[in-house]
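> model this:
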Amino acid sequence: MRKILITGGAGFIASCLADRLVQDPENYVILVDNLLTGSKDKLPSPKYKNWHFIKADVNRFSDVSTIMVAYQFDYVFHYAAVVGVQRTLNNPVLVLNDINGIRNILDLSKNTGVKCVYYSSSSEVYGEPVEFPQNEDTTPLNSRLPYAIVKNVGESFLRSYHQEYGLNYTIFRFFNTFGPKQSLDFVVSKFIHAALNHQEIAVYGDGNQTRTFLFIDDNISATLHALNNRLFLNEVVNIGSDEEITIIDLAKKIIRITNSESKIIHYPPLKEGDMLRRKPDAEKMKLLIDHPLISLDDGLGKTIASGNF
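You can find the predicted model right below:
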C-alpha cells in the first residue's frame, strides 16, 4: 500500500487529487490542513475508508513532525499555501510564513524515507513574463510579490535538498485551474457565482489581460500520471491550458453561457500582481495526458452543472 500525505488537503486542487487517489484501494491518504482557507466539505466521500483528515499547520514543526514520523509516507504532495490574490496581497507576512512549512516538509521527508515530494508552485514565479509561451527551462523567473517569491524559494529548496540529500522532487507550476469545489477567491468561480445571481461582474482595468484556464480533471490526470509513472523526477512541469482568453471575454462568455443579466463593471487596475499576459508552454504537460484537454466551454459547463462552487 502506498502511503501518501497531501498538505493543504482541504483546498481545491488538493482535495480533488485526494478524490482520485482514494479510488485506488492500494493508496492510503492522509490529508492535513489548518482550515484557514480550506473546508472539510471538500474532503473525500466517507464511503472510502482509505483516507484520514488531520487538522494541523505544516508551518509548525511540532504539528507536522508527529504525523510524518508516525506514518512514514512514501510520497508527499506539498500543496499547503495561503491563496487568493487579495488575501496574499493583504497579508504578505502570513504568506512568507509558508517558507517554514516548506522547510519542515523537506527536513522530515529526507529523514523519514519519502521517495518523492510533489510541490505546487505557481505561474506567478514568472512575474510579468518576458517570453511567450512561458517555458519551464528558458523563461527567466521575475518574482516580485511575496506569494511568488515564496514559491520560487520553495523551488530552490527542493533543488538544494535533492543536490545535498538525494531527495527526489517534481515541481508543478500551476497556471489558472478551475472546476467544482473552487472557492470564490478565484476568477472563474467568482464570475459564475455572480452571473447565476445576476450580480455585477467586477473586472479590474480594461480586462484585456489574458489568462489560460485548465479544467481540474486535466490537472489531476497530469499530476497522477507523473506520480504513477515516476515521470519528470527532479524537473519542473507547467500545468495549464494553452488556450488564451482575455478576462473581459471570459466574463462575457460566462454571462452568455448562464443566460445572465449581469453587467460588467470596471474597477481601477490592481496596483500589483495582475500580469498583462500569462500562457504556459504546455508541451511537457501534454506528455502526461493521453487525451485532448477539456475545452474552456466544456469545463465551464461541467462546473456550472455541478452547482459546487
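> top helix in this protein by residue count?
As assigned by DSSP state H, the longest helix anywhere in the chain is helix 146-165.
> packing partners of that one?
On a contact count with 3 or more CB pairs under 8 Å, 6 or more residues apart in numbering; DSSP states H and E, helix 146-165 meets helix 92-96, helix 98-111, strand 116-122, strand 169-174. The C-beta positions use only the backbone N, C-alpha and C, and glycine is treated the same way.
> and of these, who's closest to residue 138?
Closest of the helices and strands packed on helix 146-165 to residue 138 is strand 169-174, at 13.4 Å (criterion: CB to CB).
> pull the distance from that closest one to the chain's centre.
The chain centre lies 10 Å from the centre of strand 169-174; the measure is CA atoms, centre = their mean, to the nearest Å.
> and that strand, what does it pack against?
Using 3+ CB pairs under 8 Å, 6+ apart, strand 169-174 sits against strand 116-122, helix 146-165, helix 216-229, strand 236-239.
> buried deepest among the ones you listed, which one?
Ranked by mean neighbour count, those are led by strand 236-239 with a mean of 25 (mean count of other CB atoms under 10 Å).
> so where's this structure uncertain?
Residues of the chain meeting the criterion pLDDT under 70: 273.
> all helices for it, in order.
Counting by DSSP H, the helices of the chain are 12-21, 61-71, 85-90, 92-96, 98-111, 146-165, 187-196, 216-229, 247-257, 283-286, 296-306.
> okay if I get the ones you listed as CSV plus distance to residue 45?
Formatted as CSV, the helices of the chain follow (distance: least, CB to CB, whole Å):
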stretch, distance to residue 45
helix 12-21, 8
helix 61-71, 21
helix 85-90, 28
helix 92-96, 32
helix 98-111, 27
helix 146-165, 31
helix 187-196, 21
helix 216-229, 16
helix 247-257, 28
helix 283-286, 28
helix 296-306, 15
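> tell me which of the ones you listed approaches residue 271 most closely.
Using CB to CB, the nearest of those to residue 271 is helix 85-90, at 8.3 Å.
> returning to that earlier point: could you dump the helices and strands packed on strand 169-174 into TSV and include distance to residue 269?
Below are the helices and strands packed on strand 169-174 laid out as TSV (distance: least, CB to CB, whole Å):
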stretch	distance to residue 269
strand 116-122	21
helix 146-165	18
helix 216-229	28
strand 236-239	26
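> so for residue 60, which of these sits nearest?
The nearest among the helices and strands packed on strand 169-174, by CB to CB, is helix 146-165 at 16.8 Å.
> what's the angle from the closest one to helix 98-111?
For helix 146-165 against helix 98-111, the angle by axes from the mean of the first three to the mean of the last three CA atoms, to 10 degrees is 20 degrees.
> care to break the protein down by domain?
Listed by automatic domain parsing, the domain ranges of the chain are 2-176+216-239, 178-212+243-279+292-306.
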